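*Asks:* Let me see the structure of the following:
(chains A and B)
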Amino acid sequence: MVNSADAVVSNTSMSGTSSLLFRVLKTIGSIAITMLGLLLVTFIIGRVMPIDPVISIVGERATKEVYDAAYLEMGLDKPVLVQFLYYLSDVLRGDFGISYLNGAPVAEDIRRVFPATLELATIGTLIGVIVGVPLGIVAAVKRDTWIDQVARVVALVGYSMPIFWLGLIGLLVFYGILGWVGGPGRVGIFYVDVVPSVTGMILIDSALDGQWDIFRDAISHIILPASILGYYSLAYISRMTRSFMLEQLNAEYITTARVKGLSEWAVVWRHAFGNIKVQLITVIALSYAGLLEGSVLTEIIFSWPGIGSYITTALLSADMNAVLGGTVVVGLVFVCLNVLSDLLYSFYDPRAK
Amino acid sequence: MQKLISSMLQTTLLRNAGRRRVLQKFAIAAVAPILLAVPMQQVQAATPKDMLVIASRIDDITTFDPAQSFEFSGSDVIRNVYGRLVNFNPADLDAGYEPELADSWTVSEDGKTITFTISEGKKFHSGNPVTAEDVEFSLRRAVLLEKTPSFILTQFGFNKDNVEQTIKADGNTVSIVTDKKYATSFVLNCLTATIGAIVDKKTVMANEVDGDMGNEWLRTNSAGSGAYKVVSWKANESVTLQANEDFHLGAPAMKRVIVRHIQESATQRLLLTKGDIDIARNLNPEDIAGISDNGDLKIHDELRGRLMYLSFNQKHPILSKPKVVEAMKYLIDYQGMQDSFLKGQYTIHQNFLPATYLGAIDDKPYSLNIAKAKELLAEAGVGEFEIEAGVREAQERIEIAQTMQNNLAQVGITLKITVGTAKQILTRYRARELDMYVGAWGPDYPDPQTNAGTFAFNPDNSDEAKATGLLAYRNAWSPGALGEKTSLAVTEGDVDKRRQMYEEIQREFLQVAPFAIMFQKIEQAGMAKSVSNLVLGGAITAASYWPVTK
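*Replies:* This is a model prediction of the structure:
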């Protein structure tokens, strides 16, 4: 994570464009080092795993000749360091190898599964933020009233209810009985493969293509899993918002503001909320990153072909290329979100400018 | 260090898998009463009349290249896409192979050469005619590519260096020359396997990259002469097939077949009840029971090839006594397990050839008989002892081991159950380290040799032989004369005689082998009432979509 305090230091010692350049280089450097570390660790774990990667490919009834050919083809006869360097240069070219499980290039698989998760996680987080933040604020302002109690119960239920249970019940009620939403999968069976894939996100692709019936169908399919993920992240976001707000509302400057005769609206929104934005960004970014890792159970229940179930399936079948590729992508997501929240810090926190 | 990481990793894998199972069970327990209590909406006819939508677990597919595919879901697709020289008729699987792309065949006097006459007028999806050259190419290609299932062909002596001589087209005939005389039924049964699929040479070679004989292209595309062609495959998502209007048996009624990957049984059931799919192939017993009284749906049962067995390591000083092995076979509660946790999923079967295989018999001499087991153990002069069972992390196998543990305890035998991941337990089984193994075995190709050659054949039982592919070897069992009979059965040209030989081998096996075969798999699929003529392939082959109507 790029430390915002460093940015402050650099700002005082340099000026103008050179300072900006320095910060950009520093950010890129820190991303590169983090990613290199991640690659090294995942690679080592992949190699010391007590699972024979050759058997995963050729199957346990293969003859010795078939086995040996695959062994050489995979470069397993070379020293581990050489293998790592090969791996590194492949990854830099965007080549994560072939998935043993389905024979396709891992990069191609990830291009297919990651947008599905991105779409779901983004809408889930939007729901979490749009509902969770106001809920937390209201709960803090109306502390110990019935509104606060309701908000706490909502958060507690969201936090403690197993997500697959909510998913199954949600499917049963809203799809099975009421028929308000689409069933499992990203689109109905008639719309599979109709829209050309540009971004991999069906909502965006169908809108780009002007296929509004597919867009509506995709919405009806995504709304339930996204709401369930959204509820989960809402629970977390509203609880954190409430506790951040309480901390601010008990501070002396708030009392001062009230004594000065500022309206309650201004006290709450401009003063208290203004001061928790940076903390909130961290919470939201973490929650978003958590959803982007892929929510395995939600993906399985809703037959959502995302990165979570992809990595899990790969892990359980010892498909190491897919596991490594998936891990690197998830790591990259975390790094990018960190950089993004750092940028937002410097925007919202005058001390970080 | 490596050991530490390995054990940590295994524990984590196990724990996660275990937790997931527990969570799933909990979820099902929590949801099931609601599913039962809430009346579902009437089934809507959501799928069109000429489209078949199937929910299945298809995450095992790696390729659609018949020279490489060796998974269940892949076989289902390939069976519907490619023709073979000889094939099974879904309307009568028991009849055995029938001519398909070959009209007829002759066998030379020495029994080593089979010459097929290729039938005229059949076409690939591309419009190219099916010729002897395509057959020659396809079979040679399967040998040359050396992929996992290639052993099904190379066991006849074909190899890289001799295919030019041993597999040869001449006019509209193709001859194959085996290294010695084999039963014609053995060779032809193997040619009905996935690897015997005939591909369109021109189309495949037009898509060759770096001398791969089209292997990469065929992974996701198809070039067959079967009822369907592959439109698309998205791993872990869906497979879409489109009907071949020029199919030699007539255009299929279902113009499109879509197989969707739906992992969860509860989700499959929900889709089926809503009418969004026509067939659900992975319903668990609870969900099967749940749809059984739904008037719009029906349940289709079909016997498949998978067997469940127990085996006893002959390296163990006590387990190697014949009377002890016999006692073990009386300590298995076949009926009790079939009627409880295996209900509807497995049926009692005590021989190594699955019902419907050539030579299969239905003898069931064993049943739970504690008194008889005690008697046998006393005759063997055996007191109390302890053995270890290796069990793969799969619910039904663990339950079988636990049932065994209870029964063995009644005769003073302590059973220690070691549960592990597939790789963990298999490694120890192959190294002949387990006293007892709770196993499942699926045949590789539709000929009795596929099981006889592993259960009842082990020419060199020494540790150095490392014949870890043979189940008899894994249990350190030398079948002796039974092994020789198995070798002989492979060469018997007369089908009826061959059938008799397997019957005899199995009857003897049933008495002497340290294997207790227990059950044969039943596949239960839930489907809309309107769907008819679906055949999942029985024990010998894969699903056929072309006869389906709705």
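*Asks:* residues contacting B:V107?
*Replies:* Contacts for B:V107 (C-beta atoms under 8 Å, 6 or more residues apart in numbering or on different chains) come out as B:T113, B:I114, B:T115, B:T184, B:G493. C-beta coordinates here come from the backbone N, C-alpha and C atoms, glycine included.
*Asks:* again, only using 10 Å
*Replies:* B:T113, B:I114, B:T115, B:K181, B:T184, B:V187, B:G493 (C-beta atoms under 10 Å, 6 or more residues apart in numbering or on different chains).
*Asks:* Am I right that the last one sits in a helix?
*Replies:* If I follow you right, that is B:G493. No - going by DSSP: H, G, I helix; E, B strand; the rest coil, the assignment for B:G493 is coil, not a helix.
*Asks:* Wait, it touches B:K181, no?
*Replies:* Yes - counting by C-beta atoms under 10 Å, B:G493 does reach B:K181; the two are 7.4 Å apart.
*Asks:* quick revisit: mind giving me the PyMOL select for the contacts of B:V107, buried ones only?
*Replies:* The following PyMOL line selects those of the contacts of B:V107 that are buried, judged by 16 or more other C-beta atoms under 10 Å in any protein chain shown:
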select buried, chain B and resi 113+114+115+181+184+187
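*Asks:* Tell me the one of the contacts of B:V107 nearest chain A?
*Replies:* Using C-beta to the nearest C-beta, B:V187 comes nearest to chain A of those, at 19.5 Å.
*Asks:* I'd say that closest one and B:A193 touch.
*Replies:* No - B:V187 is beyond contact range of B:A193, at 11.1 Å (criterion: C-beta under 10 Å).
*Asks:* Which helix or strand in the chain has the lowest average pLDDT?
*Replies:* Unless you meant another one, I'm taking chain A. Least confident helix or strand of chain A, by mean pLDDT, DSSP states H and E, is helix A:4-13 with a mean of 43.
*Asks:* which of the residues in the helix or strand following that helix are buried?
*Replies:* From helix A:4-13 onward toward the C-terminus, using DSSP states H and E, the following helix or strand is helix A:16-48. Neighbour-count burial for helix A:16-48, with 16+ other C-beta under 10 Å as criterion, is recorded at A:R23, A:T27, A:S30, A:I31, A:T34, A:L38, A:L39, A:T42, A:F43, A:G46, A:R47.
*Asks:* Make TSV out of those residues and add distance to chain B and pLDDT.
*Replies:* As requested, the buried residues of helix A:16-48 are arranged in TSV below (distance: C-beta to the nearest C-beta, whole Å; pLDDT from 0 to 100):
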residue	distance to chain B	pLDDT
A:R23	39	79
A:T27	33	82
A:S30	28	85
A:I31	28	85
A:T34	22	87
A:L38	17	87
A:L39	18	86
A:T42	13	82
A:F43	14	84
A:G46	11	75
A:R47	10	75
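*Asks:* before we move on, the earlier item: mutual contacts of B:G493 and B:K181, please.
*Replies:* Shared contacts of B:G493 and B:K181 (C-beta under 10 Å, 6+ apart): B:V107, B:G111.
*Asks:* A:G325: neighbouring residues, count only.
*Replies:* A count of nearby residues for A:G325, using other C-beta atoms under 10 Å in any protein chain shown, gives 26.
*Asks:* May I ask which helix or strand encompasses it?
*Replies:* Using DSSP H and E, A:G325 falls in helix A:320-348.
*Asks:* try A:A285
*Replies:* Per DSSP H and E: helix A:274-292 holds A:A285.
*Asks:* need the helices for the stretch 51-200 of chain A, in chain order.
*Replies:* Here the stretch 51-200 of chain A has its helices, by DSSP state H, counting those that start in this stretch, at A:53-58, A:64-73, A:80-92, A:106-141, A:146-160, A:163-170.
*Asks:* what angle sits between the fourth one and helix A:146-160?
*Replies:* It refers to helix A:106-141. Angle, helix A:106-141 to helix A:146-160, by axes from the mean of the first three to the mean of the last three C-alpha atoms, to 10 degrees: 160 degrees.
*Asks:* Buried residues, helix A:106-141. List them.
*Replies:* For helix A:106-141, the neighbour count (16+ other C-beta under 10 Å) marks A:106-107, A:109-110, A:112-125, A:127-129, A:131-133, A:135-141 as buried.
*Asks:* In the record's domain split, what are the boundaries for the chain?
*Replies:* Just going to use chain A. Domain ranges of chain A: A:4-92, A:106-352, per automatic domain parsing.
*Asks:* Chain B is the one I meant
*Replies:* If you go by automatic domain parsing, chain B breaks into B:53-225, B:304-523.
*Asks:* would a markdown table of those domains with mean pLDDT and distance to B:V259 be doable?
*Replies:* Shown next, in a markdown table, are the domains of chain B (pLDDT from 0 to 100; distance: least, C-beta to C-beta, whole Å):
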| stretch | mean pLDDT | distance to B:V259 |
| --- | --- | --- |
| domain B:53-225 | 93 | 5 |
| domain B:304-523 | 92 | 15 |
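*Asks:* In TSV, list these along with distance to A:A285.
*Replies:* TSV is the format used below for these (distance: least, C-beta to C-beta, whole Å):
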stretch	distance to A:A285
domain B:53-225	32
domain B:304-523	36
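*Asks:* Does B:N244 touch B:G226 like I think?
*Replies:* Yes - in this structure, B:N244 is within contact of B:G226 by C-beta under 10 Å, at 6.7 Å.
*Asks:* Now do the shared contacts for those two.
*Replies:* What both B:N244 and B:G226 touch, as defined by C-beta under 10 Å, 6+ apart, is the set B:N80, B:V81, B:F124, B:H125, B:P252, B:W546.
*Asks:* Make JSON lines from those and add neighbour count to it.
*Replies:* What follows is the shared contacts of B:N244 and B:G226, written out as JSON lines (neighbours: other C-beta atoms under 10 Å in any protein chain shown):
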{"residue": "B:N80", "neighbour count": "25"}
{"residue": "B:V81", "neighbour count": "23"}
{"residue": "B:F124", "neighbour count": "27"}
{"residue": "B:H125", "neighbour count": "22"}
{"residue": "B:P252", "neighbour count": "26"}
{"residue": "B:W546", "neighbour count": "22"}
